[in-house]
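Enquirer: the following comprises the amino acid sequence and a computationally predicted model.
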Amino acid sequence: MRQIKLLTLVFFLLTFSDISAGESLYDTRNYSTVFISAGYQLATSSIDFFEIYKTVFGGTKWQFENGISLGIGTKMDLSDKFRISFSANFFQSKLIDSYKQVERDPFDSSKVTIRSLSQNFQFETAPVLVTIELVPYNQSQFRTYSGIGFGYTFSSGQWEEKIVETRLNDYRTGGIHYNEKTAHPTIRLLTGVELGFDKRSKESFLGSLILEIRYTYIMRDIDIFRNVKKQFDGKIQALNSSYGIINGYLSINLGISFNFYKPPPKKNSK
């Protein structure tokens, strides 16, 4: 809910900035767009985290399941070939895992402990970025572009572990191991194409169909094992480090833009 409110606020701020775009010093000062988009994360990176998750916790999965990404933003021309973009998007990731773990009793090696575990991870990711884009053919109905963006990702994460064991006084008790809200520096590379609905695309309110590919890197290294490592009595040094959680992902996005065009004032003929 917090992320939805954030996106709504950004939308109104972006719309206001579009109305004010007439103050630009360039010939394109009368033109800006607002766009909405939906995308899917083709691949996400959490390799080091899952190595620990599998070897120490006995997990069976190697990837988070990511939901559809929803986004809004605005683009404003700086010159014939460059423009600036402000954008925000949001998606959820989860991991639900259930399995059994076999371990020998430390006091009697002939006895075996069998734990039944369930893991529930949920992360919410909301990057807010400023992007500079190069548009080689800005006046064309069909435009390609590429860009680089910088900003912050606002993140919320929870991890709950439930354990049913067969031995009394087991040192592994489960619980809520992580529940925090954080913000992380973010960089994005992107390229895309805009397919204008009308030859006079800038004068038309319905602007373009947008197809875009992005690579986003989030500096989201977190101490996710900070609470659970107490259940291992400090014996596993790897639990003392921070790990990247969905800190790099490739995504493909489809969007629609809407133009806000203010015709230049007509010059009075003498």
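Expert: Here it is on my side, so go on.
Enquirer: residue 239: what secondary structure?
Expert: Under the three-state scheme (DSSP: H, G, I helix; E, B strand; the rest coil), residue 239 adopts helix.
Enquirer: number of nearby residues for it?
Expert: Around residue 239 there are 20 other residues, counting by other CB atoms under 10 Å. Heads up, the C-betas are built off the backbone N, CA and C, glycines and all.
Enquirer: so it sits against residue 232, correct?
Expert: Yes. Assessed by CB atoms under 8 Å, residue 239 is found in contact with residue 232 at 6.3 Å.
Enquirer: what residues are shared contacts of these two?
Expert: With contacts defined as CB atoms under 8 Å, 6 or more residues apart in numbering, the residues shared by residue 239 and residue 232 are residue 56.
Enquirer: give me the element the most centrally placed residue in the chain is part of.
Expert: Closest residue to the average C-alpha location of the chain: residue 125 at 4.5 Å, with CA atoms, centre = their mean. Following DSSP states H and E, one finds residue 125 within strand 108-134.
Enquirer: any weak-confidence spans in the protein?
Expert: Residue ranges of the chain with pLDDT under 70: 1-31, 105-110, 166-169, 199-204, 234, 261-270.
Enquirer: and the strands in the stretch 51-200 of the chain?
Expert: Along the stretch 51-200 of the chain, counting by DSSP state E, counting those that start in this stretch, strands occupy 65-66, 69-77, 82-105, 108-134, 142-164, 175-196.
Enquirer: show me the contacts for the spatially closest residue to residue 87 that is not a sequence neighbour.
Expert: Nearest non-adjacent residue to residue 87, counting by CB to CB, 6 or more residues apart in numbering: residue 73, 3.1 Å away. By CB under 8 Å, 6+ apart, the residues touching residue 73 are 14, 34, 35, 37, 85, 86, 87, 88.
Enquirer: does residue 73 have beta-bridge partners, and which?
Expert: Beta-bridge pairing of residue 73 under DSSP bridges involves residue 35, residue 87.
Enquirer: got it, and the one 4 residues further on?
Expert: Taking DSSP bridges, one finds residue 83 as the beta-bridge partners of residue 77.
Enquirer: so it touches residue 138, yeah?
Expert: Yes. Using CB under 8 Å, residue 77 makes contact with residue 138 at a distance of 7.0 Å.
Enquirer: show me which of those two is the more surrounded one.
Expert: Using other CB under 10 Å as the criterion, residue 77 and residue 138 rank with residue 77 on top: 23 against 19.
Enquirer: now do the residue nearest to the centre of the chain against residue 196, distance only.
Expert: Distance of residue 125 to residue 196, computed by CB to CB, to the nearest Å: 31 Å.
Enquirer: and if you look at residue 83?
Expert: Residue 83 is 15 Å from residue 196, by CB to CB.
Enquirer: ok, back up a step: so what sits opposite the residue nearest to the centre of the chain in the bridge?
Expert: residue 91, residue 155.
Enquirer: list the contacts of it.
Expert: When contacts are counted by CB under 8 Å, 6+ apart, residue 125 is found next to 90, 91, 92, 93, 153, 155, 218, 246.
Enquirer: just name the closest of the residues you listed to residue 46, please.
Expert: Distance to residue 46 across the contacts of residue 125 (CB to CB) is lowest for residue 246, with 5.7 Å.
Enquirer: still on that earlier bit, and the strands of the stretch 51-200 of the chain as TSV, adding distance to residue 257?
Expert: Output for the strands of the stretch 51-200 of the chain, formatted as TSV (distance: least, CB to CB, whole Å):
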stretch	distance to residue 257
strand 65-66	25
strand 69-77	7
strand 82-105	11
strand 108-134	13
strand 142-164	11
strand 175-196	7
